[in-house]
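# got a predicted model here, sequence first, then my questions.
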Amino acid sequence: MASSISVFGSINMDLVVYCSTEPLKGETIIGDSFEKFQGGKGANQAVAVSRLGSSVSLIGKVGTDVFGKELLKILDDECIDISMLKEHSGESGTAFIYVYKETSENQIIVIPGANSFAEEIQIDDKTLSSTDIVVSQLETSPQETQKLFSRSRKLNCYTILNTAPAIGVSEGLIEESDLLVMNETELSTLSGDQIFSGNSYSEIDESIKKIVLSNSKSAIVTLGSRGVYVFEKQRGTFIPGLEVIALDTTGSGDCFVGALASHYSNHGHLLDAANFANQAASLSVMKKGASASMPYLNEVVNLSEIT
């Protein structure tokens, strides 16, 4: 039976420009194409969970504008429980995304809009008590996330904090998080260490230990194409990345978090869940868009059989 996951987070309309190269300061260039996708870290992660076969609810807010109505329909079509999504008078969250074909890397500017008004009380204790895992990020209020995680843990829910975007996180929120998922930039922000792509795993280990002070807590650091580093019970394990041709890396981190939550809630083994999520995220970079690139369960299973 599919398990229950609740995601508290942002819902955006992504406006994506594809360019051959990154413009210099003050330079105007001709873009290659423009597309519009549903995005936002919370929504992306919820879509990933749903497509991988787990039941999921999304808690957040959209605006009363045209984007808000469109976003609600898209999320409903993805078989996500949107009963706890609320409207806030004004504009929906919007992200302006620039994807450069030469590197497949991106730059993102986010206008929070209605996301700034998401509240943890949008999910009641009765609903929360039937939830296995609660996931959140930092595109909504960290204070609201901390309150939600505190309630969740009292009701025996497992809490996963994706520390993105790279801003400071309070000790209180870290304390209420059973698992931290971060990339190298976010690890650097939280630990105060300089993290480079050439850092040894022992150095990454030491940086994680500055953040994860309790033996009962775990952390995962995504390393881009290099792979994933899993820190559990004070021990680290490296999972190598898969060799794929990347088209668009937008949303790959969100895909990883959603896939991780889905697999962990069903099977309960963090290392296996990280390996599964690594495969799912590798598939996502081969497609355009954020939520649109999230793979389905059969695609990940087929990739697992090949690799």
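That came through, no problem. Numbers count the residues shown, from 1 in each chain.
# all the strands of the stretch 201-307 of the chain, in order from the start?
Per DSSP state E, counting those that start in this stretch, the stretch 201-307 of the chain carries strands over the ranges 218-222, 227-232, 235-240.
# kindly report the same for the stretch 1-150 of the chain.
Going by DSSP E, counting those that start in this stretch, the stretch 1-150 of the chain shows strands at 4-8, 12-19, 33-39, 55-63, 85-88, 93-100, 105-111, 133-136.
# hey, C-alpha coordinates of the fourth one in CSV?
The reference is to strand 55-63. Taking Å, rounded to 0.1, in the frame of the first residue of the first chain, the C-alpha atoms of strand 55-63 are listed here in CSV:
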residue,chain,number,x,y,z
SER,A,55,0.2,9.2,-2.0
VAL,A,56,1.1,12.8,-1.3
SER,A,57,-0.6,16.0,-0.1
LEU,A,58,0.8,19.5,-0.7
ILE,A,59,0.4,22.3,1.9
GLY,A,60,1.0,25.8,0.7
LYS,A,61,-0.6,28.8,-0.9
VAL,A,62,-1.2,30.1,-4.4
GLY,A,63,-2.3,33.6,-5.5
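# next, the angle strand 4-8 makes with it.
Strand 55-63 runs at 20 degrees relative to strand 4-8, counting by axes from the mean of the first three to the mean of the last three CA atoms, to 10 degrees.
# which residues of the protein fall in helices?
41-51, 66-77, 125-129, 142-154, 171-175, 184-191, 201-211, 252-267, 270-284, 297-306 (DSSP state H).
# which helices and strands does the third one pack with?
Secondary-structure packing of helix 125-129 (3 or more CB pairs under 8 Å, 6 or more residues apart in numbering; DSSP states H and E): helix 142-154. Where C-beta positions appear, they are placed from N, C-alpha and C, glycine not excepted.
# show me what the helix it packs on is in contact with.
With contact meaning CB atoms under 8 Å, 6 or more residues apart in numbering, helix 142-154 is reached by 8, 118-120, 123, 125, 128, 131, 134, 136, 138, 159, 161, 169-170, 172-173, 176-178.
# just give the nearest non-adjacent residue to the most centrally placed residue in the chain, would you?
The residue lying closest to the centre of the chain (CA atoms, centre = their mean) is residue 254, at 2.8 Å. Using CB to CB, 6 or more residues apart in numbering and skipping the chain neighbours, the partner closest in space to residue 254 is residue 44 (3.6 Å).
# my read: that neighbour touches residue 290, true?
Yes. With contact defined as CB atoms under 8 Å, residue 44 reaches residue 290; the gap is 4.9 Å.
# run through the residues that contact the residue nearest to the centre of the chain.
Counting by CB under 8 Å, 6+ apart, residue 254 touches 41, 44, 45, 48, 162, 290.
# okay, and the helix or strand of this structure with the least pLDDT?
The weakest-scoring helix or strand in the chain, judged by mean pLDDT, DSSP states H and E, is helix 297-306 (a mean of 82).
# return the set of buried residues in that helix.
Across helix 297-306, burial judged by 16 or more other CB atoms under 10 Å covers 299, 300, 303.
# ok, now how distant is the last one from residue 229?
To tie it back to what came earlier, the one meant is residue 303. 21 Å (CB to CB, to the nearest Å).
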